[in-house]
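Engineer: Build the 3D model from these lines:
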Amino acid sequence: MPFFTRDEQLEKLGDRILQETWATFPQLAQNQVAMTWLIYPPPAPVNTGGALSPQEFWQYPVKGFGYRGVELIYPASVVKLFYLVAAHEWLETGMIQPSRELDRALRDMIVDSSNDATGLVVDVLTGTTSGPDLPPGPFETWKFQRNIVNRYLQSLDWEDFKTINVNQKTWCDGPYGRERAFLGEQMDNRNLLTTNAVARLLHSIVGGVAVSGRRSQAMLDLMRRSLNPADLAADPENQVVGFLGEGLPQDARLWSKAGLMSRVRHDAAYIELPNAFPYLLVVFTEGREHSQNQAILPFISQKIAAAVCEISE
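Structural biologist: Numbering: from 1, shown residues only. Here you go, the predicted structure:
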């Protein structure tokens with residue numbers, strides 16, 4: 001069962017939006033999109049600066065809609081949100097020490113989606129490094145260490161995290177040496193996430209209960225996206241154009257993390273519109289032809305934003 005409660009009104013709206021999406025983009029197959037959508041009627045337990053304790057926050061019922069929300073999909077750079085939370089957990093508990101270089105890497109990993117920065121973050125989190133193939137014994141130790149983030153996420157005992165895998169770096173050209181061996185001959189050890197799992201993680205961040213209220217706010221600060229056309233024009237890698245942010249009015253507020261590679265185009269966003277309920281939206285799309293289509297995610301986002309204005313408690 002997902003952590004949110006399915007809502008009849010959201011079900012109708014979500015189904016309608018998906019039908020409109022397939023009608024507009026007929027080449028997008030029904031098994032090439034996954035979506036999780038949460039809304040936060042007042043009193044909204046999100047973006048409070050950590051005013052609620054975890055116990056209070058998790059008692060708030062959440063209304064949501066999901067389509068293929070439990071399907072495991074390669075997440076591309078959306079996985080960086082999971083490494084961000086893990087890094088703050090490690091810092092909070094003293095497992096790693098703060099440094100200017102780690103701060104720089106965390107910022108670049110989320111703000112600019114840098115794969116090089118992500119590589120450093122994964123090294124710091126796991127105590128592993130990339131390099132040539134290792135002998136069997138040391139490689140077993142290396143693999144155990146590389147799975148530490150998975151073990152942390154499993155320790156949260158959240159149903160939505162039981163099937164996911166987050167133990168790989170993100171690449172520009174691809175892994176070599178021990179990294180390629182760890183990925184598996186058929187890439188069966190690649191990162192895998194569901195839209196429900198991403199929504200749960202993002203829900204905890206915007207709720208101020210991911211690690212701590214202060215650290216959740218620090219994570220949100222990195223995820224804040226400008227919708228100003230001048231800012232977008234100045235930054236071709238802005239994670240807004242071609243993603244969910246492009247479908248929003250300029251007076252919206254957006255916090256997000258996109259994912260893009262040759263076979264997928266994804267986005268995970270928390271959105272506040274004037275005079276509407278805040279909401280959270282995670283959309284994954286698959287397919288080589290769709291990953292290059294910059295219109296699908298903005299179309300869905302625009303329809304969701306319009307639908308939020310229709311929603312009554």
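Engineer: Dig out what the nearest residue to residue 81 once chain neighbours are set aside forms beta bridges with.
Structural biologist: Closest residue to residue 81 apart from its sequence neighbours, by C-beta to C-beta, 6 or more residues apart in numbering: residue 257 at 5.1 Å. All C-beta atoms are positioned from the backbone trio N, CA, C, and that covers glycine. Counting by DSSP bridges, residue 257 is bridged to residue 268.
Engineer: what about residue 257, neighbour count?
Structural biologist: 28 (other C-beta atoms under 10 Å).
Engineer: and what of residue 191?
Structural biologist: Using other C-beta under 10 Å, the number of residues around residue 191 comes to 21.
Engineer: could you pull out the helices for the stretch 101-250 of the chain?
Structural biologist: 115-126, 136-146, 148-155, 178-183, 195-206, 213-223, 229-234 (DSSP state H, counting those that start in this stretch).
Engineer: Present those helices as CSV; the columns should include mean pLDDT.
Structural biologist: CSV is the format used below for those (pLDDT from 0 to 100):
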stretch, mean pLDDT
helix 115-126, 98
helix 136-146, 98
helix 148-155, 98
helix 178-183, 98
helix 195-206, 98
helix 213-223, 96
helix 229-234, 95
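Engineer: The longest helix seen in the chain - contacts with which helices or strands?
Structural biologist: The residue-count maximum for a helix in the chain (DSSP state H) belongs to helix 8-24. If contacts are counted by 3 or more C-beta pairs under 8 Å, 6 or more residues apart in numbering; DSSP states H and E, helix 8-24 sits against strand 33-39, strand 63-67, helix 296-308.
Engineer: And that helix, how far out from the chain middle?
Structural biologist: Its chain's C-alpha centre and that of helix 8-24 lie 22 Å apart, by C-alpha atoms, centre = their mean, to the nearest Å.
Engineer: Same question for stretch 126-146.
Structural biologist: When distances are taken as C-alpha atoms, centre = their mean, stretch 126-146 is centred 27 Å away from the chain's centroid.
Engineer: Enumerate the positions of that stretch that are buried.
Structural biologist: 126, 128, 134, 142-143, 146 (16 or more other C-beta atoms under 10 Å).
Engineer: Can you say which two of those residues are spatially most distant?
Structural biologist: Greatest spacing in these, by C-beta to C-beta: 126 and 134 (14.2 Å).
Engineer: Return the most buried member of the helices and strands packed on helix 8-24.
Structural biologist: Across those, averaging neighbours per residue (mean count of other C-beta atoms under 10 Å) puts strand 33-39 on top, at a mean of 26.
Engineer: quick one, that strand and strand 63-67 angle?
Structural biologist: Strand 33-39 runs at 180 degrees relative to strand 63-67, counting by axes from the mean of the first three to the mean of the last three C-alpha atoms, to 10 degrees.
Engineer: residue furthest from the geometric center of this structure?
Structural biologist: Within the chain, the residue lying farthest from the chain centre (C-alpha atoms, centre = their mean) is residue 135, at 34.7 Å.
Engineer: one step back: quick one: the helices and strands packed on helix 8-24 as TSV, columns for distance to residue 226 and mean pLDDT too.
Structural biologist: Putting those into TSV (distance: least, C-beta to C-beta, whole Å; pLDDT from 0 to 100) gives the following:
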stretch	distance to residue 226	mean pLDDT
strand 33-39	23	98
strand 63-67	27	96
helix 296-308	16	98
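Engineer: Of all these, which one is nearest residue 235?
Structural biologist: Minimum separation from residue 235 across those (C-beta to C-beta) falls at helix 296-308, 17.0 Å.
Engineer: Next, the angle from the closest one to strand 63-67.
Structural biologist: Computed with the same axes, to 10 degrees, the direction of helix 296-308 lies at 150 degrees from that of strand 63-67.
Engineer: who's in contact with helix 296-308?
Structural biologist: 13, 16-17, 20-21, 24-25, 28, 35, 37, 39, 242-249, 252, 265, 267, 269, 271, 273, 276-277, 279, 281, 283, 285, 290 (C-beta atoms under 8 Å, 6 or more residues apart in numbering).
Engineer: Buried ones only from those residues, please, as a PyMOL command.
Structural biologist: For the buried members of these, the matching PyMOL selection, counting by 16+ other C-beta under 10 Å, is:
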select buried, resi 13+17+21+25+28+35+37+39+242+243+244+245+246+247+248+252+265+267+269+271+273+276+277+279+281+283+285+290
